[in-house]
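K.L.:
Pasting the sequence and the predicted model now:
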Amino acid sequence: MDAITLLLDAAARPLDAARTTLRGLDPDALNALVRGPGGAQGNSIAWLVWHAARQQDAQVSALAGAEQIWVSGAWAGRLGIHRGPDEIGFGDTPERVAALRIEDPDMLLAYLAAVTDATRSYLRSLAPTALDDVVDTSWDPPVTRGARLISVIDDAVAHLGQAEYA
């Protein structure tokens with residue numbers, strides 16, 4: 001099995017987890033804020049799935065030199081979230097997390113599915129040697145395309161695991 005085939009499989013896993021997590025959720029359960037140790041506010045399932053999709057959408061579209069699915073599919077309006085293409089949830093305050101509310105879990109799943117499809121399409125366009133290309137020299141060592149893709153997928157998997165727990 002080659003690296004591209006492995007990445008294709010890994011890229012599909014967050015969507016599989018989201019299908020299970022979102023099935024049958026009503027808007028209140030979807031948007032409930034999880035409380036952590038000492039009563040600290042955690043993220044809602046809606047925010048976790050949205051962020052997993054947004055960070056993947058933004059980073060993979062940048063690698064591909066393509067428009068984000070968020071923009072091309074008018075997903076902000078479809079999900080009722082008033083955030084632009086540069087807002088993907090990194091650094092959100094507890095207030096910003098609480099303000100993100102999604103009423104339709106199926107629509108959220110559809111956005112993640114569209115992002116997953118775009119990611120898998122991009123992966124299919126790559127030669128295995130393209131994974132060695134340096135895409136970010138601001139880190140030491142510089143980040144390769146393969147390392148960035150693993151990071152993107154890993155972030156999505158982590159957030160979907162949190163959503164499943166919530």
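P.N.:
Yes, it's here.
K.L.:
what's the weakest-modelled helix or strand in this structure?
P.N.:
Sorting the helices and strands of the chain by mean pLDDT, DSSP states H and E puts helix 94-99 at the bottom, at a mean of 93.
K.L.:
Buried residues in that one, which are they?
P.N.:
Along helix 94-99, these residues count as buried under the neighbour rule (16 or more other Cβ atoms under 10 Å): V97. No exception for glycine: its C-beta is placed from N, CA and C like everyone else's.
K.L.:
next SSE after that helix?
P.N.:
helix 105-125 (DSSP states H and E).
K.L.:
packing partners for the least confident helix or strand of the chain?
P.N.:
If you count contacts as 3 or more Cβ pairs under 8 Å, 6 or more residues apart in numbering; DSSP states H and E, helix 94-99 packs onto no helix or strand.
K.L.:
List the neighbours of it that are in contact with it.
P.N.:
Outside helix 94-99, the residues within contact range by Cβ atoms under 8 Å, 6 or more residues apart in numbering are L33, Q41, N43, S44, W47, G89.
K.L.:
residue contacts, the first one?
P.N.:
It refers to L33. Contact partners of L33, counting by Cβ under 8 Å, 6+ apart, are Q41, G42, N43, S44, V97, A98.
K.L.:
what's the spacing between the fifth one and R23?
P.N.:
Just to be clear, that refers to V97. From V97 across to R23, the span is 23 Å (Cβ to Cβ, to the nearest Å).
K.L.:
Then the third one?
P.N.:
N43 sits 19 Å away from R23, taking Cβ to Cβ as the criterion.
K.L.:
Look at those two and report which has more neighbours.
P.N.:
The neighbour comparison of N43 against R23 (other Cβ atoms under 10 Å) goes to N43, with 23 against 10.
K.L.:
that older thread, closest to Q56 among the contacts of helix 94-99?
P.N.:
Compare each of the contacts of helix 94-99 with Q56 using Cβ to Cβ and the shortest gap goes to G89, at 11.4 Å.
K.L.:
Where does the prediction get shaky in this structure?
P.N.:
40 (pLDDT under 70).
K.L.:
That one: strands as residue ranges?
P.N.:
In chain order, the chain shows strands spanning 134-136, 143-144, with DSSP state E as the criterion.
K.L.:
So which bits of stretch 131-140 are buried?
P.N.:
Applying a neighbour-count criterion of 16+ other Cβ under 10 Å, one finds L131, V135 buried in stretch 131-140.
K.L.:
Pull the distance from that stretch to the chain's centre.
P.N.:
21 Å (Cα atoms, centre = their mean, to the nearest Å).
K.L.:
For this protein, identify the residue most remote from the centre.
P.N.:
The centre of the chain is farthest from one residue, G38, which by Cα atoms, centre = their mean lies 28.0 Å away.
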